[in-house]
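Trainee: here are the coordinates; sequence isn't available:
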């Protein structure tokens with residue numbers, strides 16, 4: 001029978017997976033908005049009277065003013081995307097607040113009557129607007145649109161020099177914007193922020209209920225994409241007041257913090273007077289989940305060598321390198337004081 005902490009861990013993992021599916025849907029919507037900006041650029045070219053297959057000298061001169069119009073389109077598109085992103089972040093954050101409390105309430109034995117405290121709404125909003133690595137997510141979005149300006153200038157210049165038609169130029173714009181999306185920079189911003197906001201809400205919830213929760217455990221994803229840092233942190237436990245790391249640990253980090261509840265004795269109950277099943281469920285132990293180190297040891301030599309690289313693999317295989325050696329404390333971000 002799973003313990004309370006194991007129930008909480010498994011429920012949180014399921015919920016974060018659900019949040020990932022919501023993020024996938026949001027990304028598809030944002031990609032559509034970004035690609036629609038090319039149609040708006042086409043409209044601007046047409047409005048400037050630059051239709052037709054051959055541009056004369058006068059039309060080419062007018063085309064030089066197109067950069068300003070393109071920037072206006074990209075600014076408007078960025079703000080439109082940012083509004084959608086903020087709405088989704090708010091939905092995730094507010095839903096996460098309720099869901100974490102529901103998970104805690106459902107996992108705690110019925111013998112323990114507890115009122116869980118929710119994170120204040122104002123604090124949740126602060127999490128959404130908090131900077132990551134010194135920059136707000138909105139600023140990162142602006143950086144992405146600005147990165148398109150110079151390539152678009154180049155398209156305009158080539159189009160003028162080579163006498164491109166408007167459809168030719170629009171096709172180049174679509175290719176540029178499509179390739180920019182495929183680079184994953186926009187996706188990286190959003191996925192990283194979702195993990196940051198979700199874990200910030202969770203950690204604040206744990207602190208709000210420190211009478212029940214004594215600490216947190218770091219959980220990484222058991223697959224090839226997990227980095228050395230997160231693999232080394234996987235399964236580690238911190239007392240609630242001592243955890244000071246920043247999560248996500250890096251862009252696209254998929255790790256989560258799961259709570260560890262106090263035992264019956266730590267809550268002041270005489271365990272000998274409780275039914276055996278109830279006594280065992282609330283044991284205050286860190287969930288005995290398989291960590292990345294243990295999971296890695298069950299994988300094929302091909303997988304291990306590819307993940308570690310040849311040199312590290314030989315050192316690890318010969319017992320000269322431990323998993324903890326992968327963890328460079330200098331690379332760990334600390335929470336702001």
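Mentor: On my side now, so go ahead. In this text, all values refer to a predicted model and were calculated from it rather than measured experimentally.
Trainee: so where's this structure shaky on pLDDT?
Mentor: 1, 46-64, 111, 132-133, 269-289, 326-337 (pLDDT under 70).
Trainee: how about the helices of it, start to end?
Mentor: Along the chain, counting by DSSP state H, helices occupy 4-47, 57-63, 66-107, 121-129, 137-146, 149-162, 166-182, 185-208, 228-233, 276-281, 292-297, 301-308, 310-317.
Trainee: Can you point out the buried residues in the fifth one?
Mentor: Yep, that's helix 137-146 we're talking about. 137, 138, 140, 141, 142, 144, 145 (16 or more other CB atoms under 10 Å). C-beta: built from backbone N, CA, C; applies to glycine.
Trainee: next one: the fourth one
Mentor: Residues of helix 121-129 classed as buried by neighbour count (16+ other CB under 10 Å): 124, 127, 128.
Trainee: contacting residues around the closest residue to the first one other than its chain neighbours?
Mentor: If the residues on either side of it in the chain are set aside, residue 124 comes closest to residue 93, at 5.0 Å by CB to CB, 6 or more residues apart in numbering. Contacts for residue 93 were tallied using CB atoms under 8 Å, 6 or more residues apart in numbering; they are 124, 125, 127, 128, 197, 198, 201.
Trainee: Tell me the spacing between the nearest residue to the fourth one once chain neighbours are set aside and residue 78.
Mentor: Read it as residue 128. Residue nearest to residue 128 in three dimensions, not counting chain neighbours: residue 89, with 4.9 Å by CB to CB, 6+ apart. Distance, residue 89 to residue 78, by CB to CB, to the nearest Å: 16 Å.
Trainee: do residue 137 as well
Mentor: Look at residue 137 and residue 78: by CB to CB, they are 12 Å apart.
Trainee: Same question for residue 29.
Mentor: Distance, residue 29 to residue 78, by CB to CB: 15 Å.
Trainee: Check residue 192 too.
Mentor: 18 Å.
Trainee: Also residue 217?
Mentor: Relative to residue 78, residue 217 is positioned 38 Å away (CB to CB).
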